[in-house]
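> show me how the following folds:
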Amino acid sequence: MLKHLVVNSYGVYLGLKSARLIVKKDGELIKEYPLKNLKTISIKSRGVGLSSDLAYACGVRGVKIFFNDFKSHLALHTLHEHKSVNVIKHQILSEQNGKDLALAKELIIGKIKNQRSTILYFSRYLQDDLLKQKTTEQLKTFINELKTYKMTKDSIFGIEGSAAKVYFDYLRQTRLLGDEFVNRTGRYADDNVNKALNYGYAILLNIIYKSVINAGLNPYFGVLHSLRSAKPSLVLDIMEEYRSFLVDRNIIKLRHQLKGDFNECKKLISNEIFSSLAKKLPYNHSKLSLESIIQRQIYKLSGFLCGANNYHSYVFRW
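Numbers count the residues shown, from 1 in each chain. Here you go, the predicted structure:
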């Protein structure tokens, strides 16, 4: 069942017919999707038409619409989704009671643990025991530092950056991201591997944003990333926990297929990521889809800010 629609093509028109989203190009009907089957619509190309009737119908049903292939992130959703302003009040108070730093540390601990799991997962097929041991020990040291010492936001970011360098150095040296990968590049990347990572992270951002709104949190008031107009800082904070499993692992698996025109690779990448989101994983003595786990984790994060027990990141098995 379709949950997330991604639009990559210039000149596409999205409209509404009864309770169905219709996709047209050059006046010709291409696809129809029942709105009841949708959670998000991601528009990743310029020149895409969107009817006001469709935007309103999506808002009423809680379907989030995202625009990602631009200088800033844009999201359309209803103003009446949250039940209580109490969550946002506690979110803002986290700066005063220290919960912001506690949460920031836990999110980065989770990120590094999941980076370590990714290395251990793929190293089973490599002859690199010394490099694997050295890298995983370095990552374990970073985790212990975060657990042991009192931290500021700058020092947490410093450890996160050092861990990321160690992690991507391993992926480069073992060529797990292919021969083309030299170093991690964000915006304006010119190689397909980095473009693929950036594209995957944009999809992840939409999933986290949707879940943050559902939990009643303000997506722009973060605990680690800087607060800046049009920057969904909390979403970027929470993304750290899931980057390596949901995006990096899939790009590693697809690395040999990321050749030629990158536009032709986009559907392949999005299909793999949405397939991973639907995959059922162990969670609290049961099995849930990864998308459901992410939502529950963000509910727990919201609960922590409002006074519940400590928040613990979800660590993926390798």
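
> need the nearest residue in space to L38, chain neighbours excluded.
Leaving aside its chain neighbours, L38 sits nearest to V63 (4.9 Å; criterion: CB to CB, 6 or more residues apart in numbering). In this view, the C-beta of every residue, glycine as well, is placed from N, C-alpha and C.

> typed the wrong thing, it's L290
Closest to L290 by CB to CB, 6+ apart is L277, at 5.1 Å.

> distance-wise, check that neighbour relative to P34.
Between L277 and P34 the distance is 19 Å, computed by CB to CB, to the nearest Å.

> who has more neighbours out of the two?
The residue with more neighbours, out of L277 and P34 and counting by other CB atoms under 10 Å, is L277; that gives 20 against 12.

> assign the more buried one to helix, strand or coil.
Here L277 is recorded as helix under DSSP: H, G, I helix; E, B strand; the rest coil.

> what residues are up against T118?
Contacts of T118 were listed using CB atoms under 8 Å, 6 or more residues apart in numbering, and they are 167, 244-245, 248-249, 252, 318.

> quick check: the residue nearest to L290 touching L246?
Yes - A contact is recorded between L277 and L246 when judged using CB atoms under 8 Å, the distance being 7.1 Å.

> what touches both of those two?
Both L277 and L246 are in contact with L290, where contact means CB under 8 Å, 6+ apart.

> the helix or strand of the chain with the lowest mean pLDDT pairs with which strands?
For the chain, scoring each helix and strand by mean pLDDT, DSSP states H and E identifies strand 74-76 as the least confident one, at a mean of 81. The strands beside strand 74-76 in its sheet (DSSP bridges) come out as strand 64-67 (antiparallel).

> now the partner strand: average pLDDT?
Averaged over strand 64-67, pLDDT sits at 90.

> check which residues of it are buried.
Buried residues in strand 64-67, defined by neighbour count with 16 or more other CB atoms under 10 Å: 64-67.

> now do stretch 133-144
Within stretch 133-144, the residues that count as buried by 16+ other CB under 10 Å are 135-136, 138-139, 142-143.

> ok so, going back, which single one of the buried residues of strand 64-67 is nearest to Y149?
Distance from Y149 was checked for each of the buried residues of strand 64-67 by CB to CB. The minimum falls on F66, at 37.6 Å.

> can you name the residues bridging to that closest one?
Each beta-bridge partner of F66 is listed here: S42, A75, as defined by DSSP bridges.

> center of this protein - which residue?
Geometric centre of the chain, nearest residue: L204, 2.6 Å, by CA atoms, centre = their mean.

> that one and F245 touch, don't they?
No - between L204 and F245 there is no contact, the gap being 10.0 Å when judged by CB under 8 Å.

> three-state assignment of the residue nearest to K153 when sequence neighbours are not counted?
The spatially closest residue to K153, leaving aside those adjacent along the chain, is L224, at 6.0 Å (CB to CB, 6+ apart). Per three-state DSSP, the secondary structure class of L224 is coil.
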